[in-house]
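**Student:** coords below, sequence missing:
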Ligand code: ADP
Ligand code: ZN
């Protein structure tokens, strides 16, 4: 079915943006909004969300107002649009009063096709008065998941966006996000007053990305191995949690002949901008970065994304890995995680600001991430299910390529848990995983002797497993919620679920992680 609108939208796509055809659901979304409908659009990163509001803004009379939290990107976005001949501008806190005045005047004179607005602008009553001064073609709410208090990226200013509809009932609204579980999608619709909006949900599958998650043994060596054997000369991103870890690993790669630059918020702004633009411009550069890197980075040929630390949520993991392979060519999403990651993230959650509810949410996010790490099923199926989408085993993830062996870890679990329970009376000390393992393996070190722990009945009952194997066991117990990290002293403690294991009512299945199975996994990949 072609209407005059369809012709006009396609002409705009070709004339202004220089593309031949719409992708995926773009055409449907655009037609719906051009005709005045409200829309909620879920498309993975790189799916082409921007055109979904830019083209209707150009086709409909008036200015399209785009609410975006990504203030740092506004200048670039506006520059790019202006280069295409689109009359675009922005209003945010980086501007001085004069710059704002000029922009406000241009808007009021109807000289803009698109106006990007930082959400905190809406806090100022003058903003609403300004918006009343010209015709608005649509409201686009970018990164709409920021309105969700359950999400990983809540921005209180987004709650004010529910008022748009009351004040400008005739203006269509389009909310866009690259990440939302079905529950979050409902929450977005409710909070933004978008209950009548049509939902457009693209598939979240990124078939060209191979997902791999492995236990961290020696992160540096593992990373080097990945880059040397599979990604020689490729551009990629290595994510680390802390700034110091970023610096350390960038140096390590450079020392080993791999061109790498660091990126984190603590670097001088000039250095940061230079490293980012080198990454975009040059071939085969590796950026070692905190998650501050990547928002709005549109580099098509990122061949790998490596995580050296556990992401805090599946949403974060999906977003970060999604920066690989936007050109559709085979790419790797690789993550190494270990016992320490789980312990330190748990501690970070316990020590975080905010109320108990907030901590519970963070904890749920981490649990979902751990479930993805420890799954013996297809990673892609798990990932897509998390976002409410069905899928069949993919054949392009580590668990599909090398189905993990499982083993009955009930007895080691019981040994570890009985040790944990026996230390209960002394909880005003820190008895972390290392100490528990020393007891199990029967090591008479200073701390053991100081606390008489060689007298415990579990002392030495775990000599059959190595340190590394015990760490794997405890990590999996943490992931399965069978032990927890106590918040004040950081000791390992039992959970409600542990009792069933101790009484022998519950079996504990674990992934086998011997060198042998890992070597086999590496072989099938090449
Ligand atoms: P998102 O916001 O969903 O992450 P963008 O809107 O930034 O994605 O689009 C990602 C890339 O795809 C951009 O480089 C954009 O120009 C390009 N793109 C979008 N739609 C089309 C299309 N119909 N044809 C060709 N390229 C497109
Ligand atoms: Zn799979």
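**Tutor:** The structure has been received and is ready for your questions. All figures in this text were calculated on a predicted structure; none of them were measured in a lab. Ligands and ions are numbered 1, 2, ... in the order given.

**Student:** doesn't residue 113 make contact with residue 65?
**Tutor:** No: the criterion here is C-beta atoms under 8 Å, and residue 65 misses it with residue 113 at 10.9 Å. C-beta here means a position set from N, CA and C on the backbone, and glycine is covered the same way.

**Student:** ok, those two, which is more surrounded?
**Tutor:** Set residue 65 next to residue 113 and count neighbours by other C-beta atoms under 10 Å: residue 65 wins out with 27 against 20.

**Student:** Need the contact partners of the helix or strand the more buried one falls within.
**Tutor:** Taking DSSP states H and E as the definition, residue 65 sits inside strand 63-67. When contacts are defined by C-beta atoms under 8 Å, 6 or more residues apart in numbering, strand 63-67 is touched by residues 53-54, 56-58, 107, 110, 112-119, 122, 131, 134-142, 158, 161.

**Student:** Look up phi and psi at the one residue in the stretch 301-450 of the chain that gets nearest to ligand 1.
**Tutor:** In the stretch 301-450 of the chain, the residue that lies nearest ligand 1 is residue 326 (7.0 Å; C-beta to the nearest ligand atom). Residue 326 adopts backbone torsions of phi -70, psi -20, taken as degrees, to the nearest 10.

**Student:** Is there a neighbour count for whichever residue of the stretch 1-150 of the chain sits closest to ligand 2? I'd like the number.
**Tutor:** Of all residues in the stretch 1-150 of the chain, residue 44 sits closest to ligand 2, at 17.2 Å by C-beta to the ion. When counting by other C-beta under 10 Å, one arrives at 20 neighbours for residue 44.

**Student:** I'd say the residue of the stretch 301-450 of the chain closest to ligand 1 and residue 302 touch.
**Tutor:** Yes: when contacts are counted by C-beta under 8 Å, residue 326 is listed as touching residue 302 (7.0 Å).

**Student:** which SS state does the residue of the stretch 151-300 of the chain found nearest ligand 2 fall under?
**Tutor:** Closest to ligand 2 within the stretch 151-300 of the chain is residue 211: 7.1 Å, counting by C-beta to the ion. Secondary structure of residue 211, reduced to three states by DSSP: H, G, I helix; E, B strand; the rest coil: strand.

**Student:** ok, it - contacts?
**Tutor:** Residue 211 makes contacts with 321, 333, 379-380, 383, 396-398, as judged by C-beta under 8 Å, 6+ apart.

**Student:** Try it again at 10 Å.
**Tutor:** 317, 321, 332-335, 372, 378-380, 382-383, 394, 396-400 (C-beta atoms under 10 Å, 6 or more residues apart in numbering).

**Student:** Derive a ChimeraX selection command for the buried subset of those residues.
**Tutor:** Restricted to the buried members of the contacts of residue 211, where burial is judged by 16 or more other C-beta atoms under 10 Å, the ChimeraX selection command reads as follows:
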select :317,321,332,333,334,335,372,378,379,380,382,383,394,396,397,398,399,400
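
**Student:** Which members of the contacts of residue 211 occur in helices, if any?
**Tutor:** 317, 321, 372, 379-380, 382-383, 398-400 (DSSP state H).

**Student:** For the residues you listed, give me JSON lines that also has distance to ligand 2 and pLDDT.
**Tutor:** Conversion of those to JSON lines gives the following (distance: C-beta to the ion, whole Å; pLDDT from 0 to 100):
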{"residue": "317", "distance to ligand 2": "15", "pLDDT": "95"}
{"residue": "321", "distance to ligand 2": "14", "pLDDT": "95"}
{"residue": "372", "distance to ligand 2": "12", "pLDDT": "94"}
{"residue": "379", "distance to ligand 2": "5", "pLDDT": "96"}
{"residue": "380", "distance to ligand 2": "5", "pLDDT": "97"}
{"residue": "382", "distance to ligand 2": "9", "pLDDT": "92"}
{"residue": "383", "distance to ligand 2": "9", "pLDDT": "94"}
{"residue": "398", "distance to ligand 2": "8", "pLDDT": "96"}
{"residue": "399", "distance to ligand 2": "6", "pLDDT": "94"}
{"residue": "400", "distance to ligand 2": "3", "pLDDT": "96"}
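
**Student:** now, among the residues you listed, which is nearest to residue 455?
**Tutor:** Of all the ones in helices among the contacts of residue 211, residue 372 has the smallest distance to residue 455: 40.8 Å, by C-beta to C-beta.

**Student:** List the residues that contact residue 447.
**Tutor:** Residues in contact with residue 447, defined by C-beta under 10 Å, 6+ apart, are 429-431, 434-435, 438-439, 453.

**Student:** now residue 140, what's its secondary structure?
**Tutor:** Applying three-state DSSP to residue 140 yields a three-state assignment of strand.

**Student:** repeat for the one 10 residues further on
**Tutor:** Classification of residue 150 by three-state DSSP places it in coil.

**Student:** What are the boundaries of the strands in the stretch 1-150 of the chain?
**Tutor:** Using DSSP state E, counting those that start in this stretch, the strands of the stretch 1-150 of the chain run over residues 39-42, 63-67, 88-91, 114-117, 136-141.

**Student:** Can you name every helix or strand that the third one contacts?
**Tutor:** Strand 88-91 is packed against strand 63-67, helix 71-83, helix 97-108, strand 114-117, with contacts defined by 3 or more C-beta pairs under 10 Å, 6 or more residues apart in numbering; DSSP states H and E.

**Student:** Now the weakest link among these, please, by mean pLDDT.
**Tutor:** The minimum mean pLDDT among these belongs to helix 71-83 (a mean of 91).

**Student:** List the contacts of that one.
**Tutor:** With C-beta under 10 Å, 6+ apart as the test, helix 71-83 has contacts from 16-17, 50, 54, 58, 66, 68, 70, 86-95, 113-120, 142, 292, 295-298.

**Student:** Quick one: buried ones out of those residues?
**Tutor:** So, of the contacts of helix 71-83, 16, 50, 54, 58, 66, 68, 70, 86-92, 95, 113-120, 142, 297 end up buried under the neighbour-count rule (16+ other C-beta under 10 Å).

**Student:** Residue numbers of this protein in contact with ligand 2?
**Tutor:** Applying C-beta under 5 Å from the ion, one finds that the chain approaches ligand 2 through 378, 380, 394, 397, 400.

**Student:** Can you say which two of these are spatially most distant?
**Tutor:** Comparing all pairs in the residues of the chain next to ligand 2 by C-beta to C-beta, the longest separation belongs to 380 and 400, at 7.9 Å.

**Student:** where do the contact lists of these two overlap?
**Tutor:** With the criterion set as C-beta under 10 Å, 6+ apart, the overlap between the contacts of residue 380 and residue 400 is 210-211, 393-394.

**Student:** among those residues, which two are most distant?
**Tutor:** That would be 210 and 393, which, of those, are the farthest apart (C-beta to C-beta) at 13.6 Å.

**Student:** Tell me the predicted confidence for residue 230.
**Tutor:** Here, the pLDDT recorded for residue 230 equals 97.
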